[in-house]
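K.L.:
Got a sequence here, can you model it:
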Amino acid sequence: MLALAVSLLAHAALLGGGRPREDAAKPAKAVNVALLPPPTVPVVLPEPTPPALPQPAARSMRPSERPPSPAIDAPSTAPDAPLLRLAAPAAWHYRLRQGGQDGEAVLDWRPEADGRYSLRLTRRIGDRTLPALESLGRTGSAGLAPERFALQRGGQDRQAVNFDGARGRVSFSASPAQHDLPDGAQDRLSWWLQLAALVQASKAQATAPGGRWRVWVAGLRGELREWTFEAVAAEPGEAGTLHLRRQLLGPHDPGVELWLDPQRGYWPVRLRQGDPETRGYEIALVDVNS
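P.N.:
Numbers count the residues shown, from 1 in each chain. Got it, this is the predicted structure:
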């Protein structure tokens, strides 16, 4: 009994001694922080900005003040290079004589404002459409700079020549040959316009019989040759045109002749390659639609 009493008294002491600590652990009375004034945040003012200077009122620029826009006949950066001028966009219609048959041809010339161009020759004899020729590239003060030339059938490129100006190389789809790209090199269609521009840039006396012009021309089968054209005396019925004949490239060369019209900016109005009654062809201008 005595032991039980002592145990009960010790347990009661333990319970009573822990209460003050429990009260001390109670949190203090909550404060409504919404009633406290907000803290003051220091404000940093930016450095004063100087007032903007008044700008002059906008006005139209005089032609002499405007930056130069891309132009087909922009002056060349090379001091001795001739200024080459190219014709405005047009579709030129020709009579065609090829292989002893009559037909028609259209030369579609499209220079663009961004300095690019497309030149396309389509031909037809009766109901038969012949392969088309297309030249794509850029224009500038040096004339035409072809990038790709293609012979097309059914609207698809069948053979092509690629001019890589960045690498200075010309390559061919129908041949493994590759050549260094000469300055001013042309394809089998663009040379028409390039030669016309070279002639137009020449002095008047250069167009007399004996005058010569040279242009590099790449063919579809891997050839790259320099063509030399010479002005020859006009024949009856050629009055008002400049007759050029290419020097023969070899004993089997069919020959190339070109007639340019000064009244049309020396545009080719007639062209003959080989014998039009056999394997060659000839075109002669009949109309022009700008």
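K.L.:
residues of the helix or strand harbouring residue 144 that come out buried?
P.N.:
Using DSSP states H and E, residue 144 maps to strand 143-153. Residues 143, 144, 145, 146, 147, 149, 150, 151, 152 are the ones in strand 143-153 that count as buried (16 or more other CB atoms under 10 Å). No exception for glycine: its C-beta is placed from N, CA and C like everyone else's.
K.L.:
Also stretch 249-269?
P.N.:
256, 257, 258, 259, 260, 261, 264, 266, 267, 268, 269.
K.L.:
Same check on stretch 172-183?
P.N.:
172, 179, 181.
K.L.:
Surely the second one touches residue 226?
P.N.:
No. Between residue 179 and residue 226 no contact is recorded; they are 11.8 Å apart, counting by CB atoms under 8 Å.
K.L.:
quick one: residue 161 from residue 249, how far?
P.N.:
According to CB to CB, to the nearest Å, residue 161 stands 18 Å off from residue 249.
K.L.:
returning to what we had before: outside of the strand holding residue 144, which residues touch it?
P.N.:
Contacts with strand 143-153, where a contact means CB atoms under 8 Å, 6 or more residues apart in numbering, come from 84, 86, 117, 119, 131-139, 157-163, 165, 184-190, 193-194, 197-198, 218, 220.
K.L.:
Among the residues you listed, name the ones in strands.
P.N.:
117, 119, 131-139, 157-163, 218 (DSSP state E).
K.L.:
Quick one, which of the residues you listed are buried?
P.N.:
Counted by 16+ other CB under 10 Å, the ones in strands among the contacts of strand 143-153 give 117, 119, 132-139, 159-163, 218 as buried.
K.L.:
which residues are in contact with stretch 197-209?
P.N.:
Under CB under 8 Å, 6+ apart, the answer for stretch 197-209 is 82-86, 143-144, 211, 213, 215, 231-233, 242, 244, 260, 262, 265-266.
K.L.:
Let's see which of those residues end up in helices.
P.N.:
Applying DSSP state H to those, no entry is found in helices.
K.L.:
count of neighbours near residue 194?
P.N.:
The criterion is other CB atoms under 10 Å. On that basis, residue 194 has 24 neighbouring residues.
K.L.:
pLDDT averaged over stretch 95-104, what's the number?
P.N.:
In this model, stretch 95-104 has a mean pLDDT of 96.
K.L.:
And it, what's buried?
P.N.:
Buried residues in stretch 95-104 (16+ other CB under 10 Å): 96, 97, 98, 103.
K.L.:
The closest residue to the third one other than its chain neighbours: neighbouring residues, count only.
P.N.:
The one in question is residue 98. Using CB to CB, 6 or more residues apart in numbering and skipping the chain neighbours, the partner closest in space to residue 98 is residue 281 (3.8 Å). Using other CB under 10 Å, the number of residues around residue 281 comes to 22.
K.L.:
ok, residue 281 touching residue 97?
P.N.:
Yes. With contact defined as CB under 8 Å, residue 281 reaches residue 97; the gap is 6.6 Å.
K.L.:
quick one: low-confidence ranges for the stretch 51-200 of the chain?
P.N.:
Filtered on pLDDT under 70, the stretch 51-200 of the chain yields the residue ranges 51-83.
K.L.:
Show me where it has its helices.
P.N.:
Ranges of helices within the stretch 51-200 of the chain are 190-201, based on DSSP state H, counting those that start in this stretch.
K.L.:
for this structure, what spans make up the strands?
P.N.:
90-98, 101-111, 116-125, 128-140, 143-153, 156-164, 169-172, 175-180, 212-218, 224-232, 242-246, 256-261, 267-273, 281-289.
K.L.:
possible to save those as JSON lines with distance to residue 206?
P.N.:
As requested, these are exported to JSON lines (distance: least, CB to CB, whole Å):
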{"stretch": "strand 90-98", "distance to residue 206": "25"}
{"stretch": "strand 101-111", "distance to residue 206": "24"}
{"stretch": "strand 116-125", "distance to residue 206": "25"}
{"stretch": "strand 128-140", "distance to residue 206": "22"}
{"stretch": "strand 143-153", "distance to residue 206": "16"}
{"stretch": "strand 156-164", "distance to residue 206": "27"}
{"stretch": "strand 169-172", "distance to residue 206": "28"}
{"stretch": "strand 175-180", "distance to residue 206": "28"}
{"stretch": "strand 212-218", "distance to residue 206": "8"}
{"stretch": "strand 224-232", "distance to residue 206": "8"}
{"stretch": "strand 242-246", "distance to residue 206": "10"}
{"stretch": "strand 256-261", "distance to residue 206": "13"}
{"stretch": "strand 267-273", "distance to residue 206": "18"}
{"stretch": "strand 281-289", "distance to residue 206": "23"}
